[in-house]
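**Student:** no sequence on this one, just coordinates:
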């Protein structure tokens, strides 16, 4: 019995930091409507700065002073970030906001290693809470008891802050209707900045308070952000009470999950999250999401199938690509195969994102599942390559069917967070279930058979599949199903009112996209000869998002260009610098802020401007003139 | 033999939000080819009432029957399949698609081809889409992106979309709101002629009394969630209670009206 009590208390102690970070995220979202992906990064910087300060300042006063000082310092960084970056993107679509803050996270990861080094740092014990308390023969660290008390205290302070201060009233009003608050003469800029500072302060405090419990390391940002996303999805985005209850719930599930499923404890959290989503899609304490406001200035040019000239041009480009083995060496061909595979991956996400309006932040899960599918079939069942290539993607398909069912119940940022959490769950399973997946060591020795073994043959295979997939998805955009999918993206209300079962359409699209990503993953396993948990990691998911964005979200198949340019740049960059994340993060922010239409989007815009400027008169009149020429 | 059941029969429809009775015991019926107006001041419960007819909103109690078939609480998409088209107070269209594509989506849905991943959607029922657009006077706009249309044109497009599944009943929530006076008359004349020709029942809410009195065969007056009058335009115009709560505003500024409004 005592053991369970201790386990329960450990869970409560872990909940404290989680609650601090989650409440910060919730407060920021409530007012600014931005899901701050960089929240985990602020948590991490908080921990690092607190570590440095506690090493310098001695004594109890020095320790606790350092914790608070660290959180304040990070809050100042937060203010700078808000003023320099976020103010430029408050009116951008959610996807762009998520990506920009993710870019920031990437940069921070490299900066942290640059400043503090790559090794884990073990911090000082907290003065006054060094020992442990004996509880019927079980030890409870006294610092845990401090954290257990701290959680509710912070909740109380936040409650007072929001209920009893003028600032709190403004924040609550802005959470309900920020336009109205602005119309009442409140300086919105400073309200947003102060809210962001408070949210970041809470995240950094959560990080700083972790140092007596856990080592500080440069991957703690992603771990916490995924847990925080799960917490806010369960608790309800924007609700502080929800963040508290869900943080306790998730921490307890983790604490006891280890007892029930020692290998894959995260399953329990997932199951609870699934139940909550079915019963209350907007979370336990959240409110149903108001219809998303359409972003002005982002209207899409009507899509049309390629004209016969454009088709010829695409074919010519494909022929040029196919002739690469005639003059390129093996290294270049391997790079070419990788690019072709990423074209498959990117167009699959593009289909879901641009056609379906569903921006998945965990698309790598299905790519990786396809790769693992091949690995299982090839290594365990020993099936021939062609069978593996055909059946392997089915694992991606099944994963997409299960997760997609839940994901399409939500939309917008909730959808993004949920897909990310799902991907992280799949990653954890691949990582933890060593007996089946090999864990961190992956599964090795998946080599192509003789007919596809040479670099040129494998290149042609990849290129051929990429071309087929791209053509098939493009045709689907202009099929009845594609129209239905676009309809659900444009207006749920109208599509339901013309008899469209939007959720089923979106689910189908999710499965199609997941399966296609699985095809890419299957080829990738053969290209690399191995699979690792990284094949379904967050950074790969974000690579896909950037490829789509770079090509142009509003285009029909811009992702093809996006994938080629991005992947080529990426491969080159990794060979040139150790700080690829720093460069990449900066690059992502740059695209979002100054180049939101992407390469193909820009080209289309230029072409259209030229068309519009040459013949005077309306487009209706312009047509006969053109055809007469 | 009993007579054919009415196209739409509404019985004791009730809906409360917390302590507020938005709609209380509303009953009425509508025949095929009839044009019925639902009027009432702001907050009378018109939109709530409307949303319960096609499943956008679930009533607390009461029944909605379409040709005798119970459709209460069905989902909007199921109600649509039974032949009920609807337009919205604030237009809902597919903004990134062209005008023709908007109609084609409805036609694809009507043809049960929604999950067809092959085939060519741009060619899907192109003729029928064009015909519907001609019908509402939007033939020349077929290739325009929907996001560029003027508000009045969006309303007409919504009408074309609503007609795509050859409905028996059209529900139009403030079809002429936000339109110029000239456009209002045109749109309602058009709707009326289509309804008469195809024997479609039309239920619409409207604030513009000129539109209501010119086109409605019958008028229902809703106030604070209950029906206070029902009858032909002439009867409703002459109804003292209606004048007091509604028509009086702006027309008759006498002491009697003020008394009536304050009780």
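**Tutor:** Nice, thanks for sending it over. Since the model is a prediction, treat every value here as computed from it, not as a measurement. Numbers count the residues shown, from 1 in each chain, chains lettered A, B, ... in the order given.
**Student:** drop to CA atoms for contacts and neighbour counts, all remaining ones
**Tutor:** OK.
**Student:** Around chain B, pick out the residues from chain A.
**Tutor:** Proximity of chain A to chain B, by Cα under 8 Å from any Cα of the partner chain, involves residues A:299-303, A:475-476, A:478-484, A:486-487, A:490-491, A:493-494, A:496-501, A:505.
**Student:** Please check those and keep the buried ones.
**Tutor:** The neighbour count (16 or more other Cα atoms under 10 Å in any protein chain shown) marks A:299, A:301-302, A:475-476, A:478-484, A:486-487, A:490-491, A:493-494, A:496-501, A:505 as buried among these.
**Student:** Restricted to helices, list these.
**Tutor:** A:475-476, A:480-484, A:486-487, A:490, A:493-494, A:496-497, A:505 (DSSP state H).
**Student:** Just give the closest residue to whichever residue of chain A sits closest to chain B, not the sequence neighbours.
**Tutor:** When scored by Cα to the nearest Cα, chain A has residue A:499 as its residue closest to chain B, at 3.8 Å. Nearest residue to residue A:499, sequence neighbours excluded (Cα to Cα, 6 or more residues apart in numbering or on different chains): residue B:77, at 3.8 Å.
**Student:** and that neighbour, what helix or strand is that in?
**Tutor:** Per DSSP states H and E, residue B:77 falls inside helix B:76-81.
**Student:** again with residue B:85
**Tutor:** In the assignment (DSSP H and E), residue B:85 maps to strand B:84-87.
**Student:** That strand near chain A anywhere?
**Tutor:** Yes: judged by Cα under 8 Å from any Cα, strand B:84-87 comes into contact with chain A at B:85, B:86.
**Student:** separation between the closest residue to residue A:498 other than its chain neighbours and residue A:476?
**Tutor:** Once flanking residues are discounted, residue A:498 sits nearest to residue B:106: 5.7 Å by Cα to Cα, 6+ apart. From residue B:106 across to residue A:476, the span is 18 Å (Cα to Cα, to the nearest Å).
**Student:** okay, now residue B:11: neighbour count?
**Tutor:** Per other Cα atoms under 10 Å in any protein chain shown, the neighbour tally for residue B:11 reads 16.
**Student:** Shouldn't it be within a helix?
**Tutor:** No: according to DSSP: H, G, I helix; E, B strand; the rest coil, residue B:11 belongs to no helix; its state is strand.
**Student:** for it, which residues make a bridge with it?
**Tutor:** Taking DSSP bridges as the rule, residue B:11 bridges to residue B:63.
**Student:** ok, it to chain A distance?
**Tutor:** Relative to chain A, residue B:11 is positioned 23 Å away (Cα to the nearest Cα, to the nearest Å).
**Student:** Test my guess that that residue contacts residue B:68.
**Tutor:** No: assessed by Cα atoms under 8 Å, residue B:11 is found out of contact with residue B:68, at 11.8 Å.
**Student:** Around the residue nearest to residue A:499, count how many other residues there are.
**Tutor:** Counted with other Cα under 10 Å, residues neighbouring residue B:77 total 24.
**Student:** Contacts only, for it.
**Tutor:** The contact partners of residue B:77, by Cα atoms under 8 Å, 6 or more residues apart in numbering or on different chains, come to A:496, A:497, A:498, A:499, A:500, A:501.
**Student:** partners of the strand holding residue B:85, with directions?
**Tutor:** The strands beside strand B:84-87 in its sheet (DSSP bridges) come out as strand B:169-173 (parallel).
**Student:** right, and the helix or strand after the partner strand?
**Tutor:** Remark: after strand B:169-173, the chain's next helix or strand is helix B:181-198, criterion DSSP H and E.
**Student:** Counting by contacts, list what that next one packs against.
**Tutor:** Packing partners of helix B:181-198 (3 or more Cα pairs under 8 Å, 6 or more residues apart in numbering or on different chains; DSSP states H and E): helix B:209-215.
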